[in-house]
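[1] Got a predicted model here, sequence first, then my questions.
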Amino acid sequence: MPEPRIDACDVLVVGGGPAGLSAAVALRSAGVERVVVAEREVVAGGVPRHCAHPGFGLRDRRRAWSGPTYARRLVEDALSAGVDLRTGTMVTDWAARDEDAGGGAPGLAVPDAWVTSPLGRARVVPRAVVLATGARERPRAARMIAGDRPDGVYTTGQLQAMVHLHGRAVGSRAVVVGSAPVAWSAVLTLREAGCRAVAMVTDGPAADIPAPAAVAAQAALGVPVVRRSHVVRIVGRQRVRAVEVRHLDTGAVATIDCDTVVLTADWTPESELSARLGLEVADGFAGPRVDAALRTSRPGVFAVGNLLHPVDTADVAALDGRHVARAVAGWLSDERDRPVATRVRPGWPFAWVAPGLLAAGAGVSANGRLLAWPTQRVRTPRVRVEQDGVVVAERTLRWPTAPGRAYRMPWSLLDACDPAGGDIVVGLRE
Amino acid sequence: MTAVLPVRADVVVVGGGVVGCAVARELAGHEIDGRPLDVVVVEARGDVGDGTSKANTAILHTGFDATPGTLEARLVARGYELLGAYAAEVGIPVERTGAILVAWSADELAALPSLLSKAQANGYADARLVEADEVYAAVPALGAGALGGLAVPGESIICPWTTTLAFATEALGRGARLVRDTRVVDVRPGPVDTEVVTTAGRIRTTWVVNAAGLGGDELDRMLGHDRFTVVPRRGELLVFDKLARPLVDVIVLPVPTAKGKGVLVSPTVFGNVMLGPTAEEVPDRGDTSTSDAGFAFLLGHGRRLLPALLDVDVTAAYAGLRAATEHADYVVDVDAGQRYVLLGGIRSTGLTASMALAEHTVRLLREAGADLRPRPVLPPPARMPNIGEAFVRPYQDAERIAQDPAYGRIVCFCERVTRGEIRDALAGPVPPADLDGLRRRTRAMMGRCQGFACGAEITSLLEAGHA
């Protein structure tokens, strides 16, 4: 009778998207021997696999590949770097280890992972864990959209996988919910599938498209944008027949006939595994709180990518992956101190900021960036950093905030903060 | 497999819900004149258990709160024993969580002793009154203000989907036939047999069993009766993310009022937390839509019952229709002249009572002159694929994966559903008609991402399986 295999390694990277694969390659470059990447999909590479538009790899590779090309290159690099990349392999749960690693509190050892693949059930015993599980869009129920429950309601992720990976047809008339960049990506995917986007419904006053090119794309794509509105009801018992749209200011309800609904953005981290470890959670979303070195609240457990900032672009996730290698390698060579640290929290108009922890000696964050999720458009933002209620830094940034896109600020804004002090709040001056 | 409509049967069971399938299974275990009873189930929808049976609170009731002396009270109590034992035999997920009925006001607290007496009158002896501190010991995350409670340790949670499928699977294994997508449009009883007219043709049968649920009154009228009217009562339910499951280990019930049983919070056998139902009479027998008002109502209750519940996402929102009638009890009867059994007005307790209703149907048929005898030899019982959290799932089973690697290939990540399970469901005796049917058999796409990661692949697998 087969028992689960015991499978020791130096680092277990959970997730083989841009962040996880980049972390694995960087760890191998840093001389770490056994780096296992567990990727639950049969093909590694993550979300870019089904993103057809170009522009992938700008920040980490200085290239503008298509998503599939970028994903393929990440996989090739991982394999040639000697990463033990295991696809079709899912970490389903953690197993507590009996002994304690490194003199911390009992129960805070690096966890073992239960892993399932067609090769069997295994207990992976790592010396360090890097979580790179990414993010996803909230589906219909989590958005509390009432009505019938017909076929034809998708997230962008499902739509892209259907069209680009499975060559499946969708309907002929779609309503796209949201207007962040991913919504325009959904419009392009729909067009490729022969489905016309008949409306884009957004709660914002304007579609959240900052770049002139995207505005041009909007004009070229000719999708009517329904502003200041919510989809409040889906109609159709077998297949979608229509959506009801309510205007946020007037309360007026209009009906739009369609056979497909695409729910875009409304990102949430794939945080089940980090939640099951009981990691301290960030403010504003369900992912783990990390410091600039990408250490979580649990010794030996690190996190990278859109699990930490749902979402920024794939290349930013990949830069996290590269960045984490130093701290992981340090942990493996017995750098076990837990420095004094204080929380970095979001102020208006940000829903979250990441990293959410300022720790002494953690160094500068990945790519020197402090990321935030703006809920409002601010044309000339003046960033204000407060600690213990005192303004410690103010700086005007030259680039506007736009809802639906991560806002990137210099990490140096926190230079005057004290890791031994109280909470730090990063916001904009109103 | 779905059969074409035969020309002749001993019994036509109209309705392939949990009750119809339980009846078909039971009848197919009998013989008449020395040969197995020929049973045909006619189901209007594309799948068994696709109506009221799929959207309920999924509780295996002790019947402690039924009205003593009613048929419903008797059949729920009997069905609780029968289904509890059957579930263990064939592998229907059941968890013996127990329930606590919580009083939030002085009036509700004062009502508890009478509920205890009612439980005793129903023959349920294990209920007991508990103080507020014991309520909070059982559910530490419960909202503030509970004054006391009634513990009902026998109340349990069950998988309603596997239950119906197990009945259907065994019925077919015993020789019954299932005809789906076929609606009964008329029933014409004659002196020796009855003609059942359907959208797929006519079938002659000796006996007719009405297990048509929401359509039961219409079928009854086709036979010339006017005994009851179904007034669909819609119940909306919210299913919360599995991360909320540690908040609640028992079913938390409200004190019932004249308006209904109220809103409960319960763990599910899939490891989620369920909140609901609403209770709203709707005119349309097909209206299983959810509403903003329903969401607001349920979230308001959730905030009071289990405040931390609102910190996690809703994984699914759905609505079911109970076949409520103007009668306080089930409407069950036999007409010997028409060789016709009515199982009407079977409300939310029908899941628990299903096997007892089947047993009762045999009794009624015998009373009306059918010489039914148990078949001396039956096929071995079904063994249902486990989709419950409390039991070993294929992805956790090293031995099973070693024998068949398809059980190691997880395709639905949130719910850990493997390709082997999807293959088995598509090749099973009662294969799914659509994605929703596949979901009920495997849990595929039932999780928090609702198909973001796996929807495209699972849709393709379903189509390949049908091809």
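    Received, thanks.
[2] Just the pLDDT for the nearest residue to B:Gly369 once chain neighbours are set aside.
    Distances taken as Cβ to Cβ, 6 or more residues apart in numbering or on different chains place B:Ala336 nearest to B:Gly369, at 6.1 Å, with adjacent residues excluded. The C-beta positions use only the backbone N, C-alpha and C, and glycine is treated the same way. Reading off the confidence values, B:Ala336 has pLDDT 97.
[3] How about A:Ala402?
    Predicted confidence (pLDDT) for A:Ala402: 88.
[4] same deal with A:Pro212?
    pLDDT, A:Pro212: 44.
[5] what sits against the residue nearest to B:Gly369?
    By Cβ atoms under 8 Å, 6 or more residues apart in numbering or on different chains, B:Ala336 lies in contact with B:367-369.
[6] Tell me the one of the residues you listed nearest chain A?
    B:Ala368 (38.5 Å; Cβ to the nearest Cβ).
[7] Phi first, then psi, for B:Val139.
    When read as degrees, to the nearest 10, the backbone of B:Val139 gives phi -130, psi 80.
[8] Pretty sure it sits against B:Leu253.
    No. If you go by Cβ atoms under 8 Å, B:Val139 and B:Leu253 don't touch, sitting 11.3 Å apart.
[9] Which one of these two is surrounded by more residues?
    B:Leu253 (24 against 21; other Cβ atoms under 10 Å in any protein chain shown).
[10] Which residues are in contact with the more buried one?
    Counting by Cβ under 8 Å, 6+ apart, B:Leu253 touches B:99-102, B:152, B:155, B:261-262, B:264.
[11] Name the nearest residue to it, sequence neighbours excluded.
    B:Leu253's closest residue in space is B:Leu101 (Cβ to Cβ, 6+ apart), at 4.2 Å.
[12] And for B:Ala398?
    Among residues not flanking B:Ala398 along the chain, A:Arg121 sits closest, at 4.1 Å (Cβ to Cβ, 6+ apart).
[13] now do A:Thr268
    Closest to A:Thr268 by Cβ to Cβ, 6+ apart is A:Arg138, at 5.4 Å.
[14] quick one on the thing from earlier: restricted to buried residues, select the contacts of B:Leu253 in ChimeraX.
    Applying 16 or more other Cβ atoms under 10 Å in any protein chain shown to those, the buried members can be selected in ChimeraX as follows:
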select /B:99,100,101,102,152,155,261,264
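[15] Output the contacts of B:Leu253 in TSV, with distance to B:Gly465 appended to each entry.
    Formatted as TSV, these follow (distance: Cβ to Cβ, whole Å):
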residue	distance to B:Gly465
B:Ala99	39
B:Ile100	43
B:Leu101	44
B:Val102	45
B:Val152	42
B:Glu155	37
B:Lys261	39
B:Gly262	42
B:Leu264	37
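[16] For my notes, please list the contacts of B:Leu253 in CSV and give secondary structure and pLDDT for each entry.
    Formatted as CSV, the contacts of B:Leu253 follow (DSSP: H, G, I helix; E, B strand; the rest coil; pLDDT from 0 to 100):
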residue, secondary structure, pLDDT
B:Ala99, strand, 98
B:Ile100, strand, 98
B:Leu101, strand, 98
B:Val102, strand, 98
B:Val152, strand, 98
B:Glu155, coil, 98
B:Lys261, coil, 79
B:Gly262, coil, 91
B:Leu264, strand, 97
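[17] and of the contacts of B:Leu253, the nearest to chain A?
    B:Leu264 (19.2 Å).
[18] Quick check: bridge partners of that closest one?
    Using DSSP bridges, the bridge partners assigned to B:Leu264 are B:Gly276.
[19] list the contacts for it?
    B:57, B:251-254, B:274-276 are the contacts of B:Leu264 under Cβ under 8 Å, 6+ apart.
[20] so how far is A:Val390 from it?
    Per Cβ to Cβ, to the nearest Å, B:Leu264 is found 50 Å from A:Val390.
[21] for B:Ile100, same thing?
    In this view, B:Ile100 and A:Val390 are 50 Å apart by Cβ to Cβ.
[22] Likewise for A:Ala242?
    From A:Ala242 over to A:Val390 (counting by Cβ to Cβ), the distance is 54 Å.
[23] neighbour-wise, which of the two wins?
    Comparing A:Ala242 with A:Val390 by other Cβ under 10 Å, the one with more neighbours is A:Ala242, at 19 against 9.
[24] okay but the more buried one is in contact with A:Ile256, surely?
    Yes. Using Cβ under 8 Å, A:Ala242 is in contact with A:Ile256, at 6.2 Å.
[25] and for those two, which residues touch both?
    The overlap between the contact sets of A:Ala242 and A:Ile256 (Cβ under 8 Å, 6+ apart) is empty.
[26] Look up which residues are beta-bridged to B:Val197.
    Applying DSSP bridges, one finds that B:Val197 bridges with B:Asp186, B:Arg202.
[27] residue contacts, it?
    Residues near B:Val197 by Cβ under 8 Å, 6+ apart: B:184-188.
[28] From those residues, list just the buried residues.
    Using 16+ other Cβ under 10 Å, the buried ones in these are B:184, B:187.
[29] Report how many residues lie close to residue 166.
    You didn't pick a chain, so chain A it is. 15.
[30] nope, chain B
    Residues lying near B:Ala166 (other Cβ under 10 Å) number 27.
[31] part of a helix, is it?
    Yes. Counting by DSSP: H, G, I helix; E, B strand; the rest coil, B:Ala166 is part of a helix.
[32] Hmm, it is touching B:Pro385, no?
    No. Contact between B:Ala166 and B:Pro385 fails when scored by Cβ under 8 Å: they sit 10.2 Å apart.
[33] Which residues are in contact with each of those two?
    Counting by Cβ under 8 Å, 6+ apart, the residues touching both B:Ala166 and B:Pro385 are B:Gly91.
[34] who are the neighbours in contact with A:Arg72?
    When contacts are counted by Cβ under 8 Å, 6+ apart, A:Arg72 touches A:Gly45.
[35] what are the ranges of the helices in chain A?
    All helices of chain A, identified by DSSP state H, fall at A:18-29, A:58-61, A:67-80, A:156-160, A:181-192, A:212-221, A:272-276, A:314-332.
[36] typed the wrong thing, it's the stretch 101-250 of chain B
    Along the stretch 101-250 of chain B, the stretches classed as helices by DSSP state H, counting those that start in this stretch are B:106-121, B:132-138, B:160-173, B:216-222.
[37] Buried residues in the longest one, which are they?
    It stands for helix B:106-121. B:108-109, B:111-112, B:115-116, B:118-119.
[38] quick check, nearest of those residues to chain A?
    Closest to chain A, out of all of these and judged by Cβ to the nearest Cβ, is B:Glu108, at 29.2 Å.
[39] OK, contacts around the closest one?
    B:147, B:255.
[40] What separation do you get for it and B:Arg303?
    18 Å.
[41] same check, this time on B:Glu359
    Separation of B:Glu359 from B:Arg303 (Cβ to Cβ) stands at 43 Å.
[42] so where is chain A shaky, pLDDT-wise?
    Applying pLDDT under 70 to chain A picks out residues A:1-3, A:97-108, A:206-220.
[43] tell me, what residue is most central in it?
    Centroid-nearest residue in chain A: A:Asn306, 2.2 Å away (criterion: Cα atoms, centre = their mean).
[44] how about the residues of the stretch 201-350 of chain A near chain B?
    Taking Cβ under 8 Å from any Cβ of the partner chain, the part of the stretch 201-350 of chain A that reaches chain B is made up of A:232-233, A:237, A:268, A:270, A:272, A:275.
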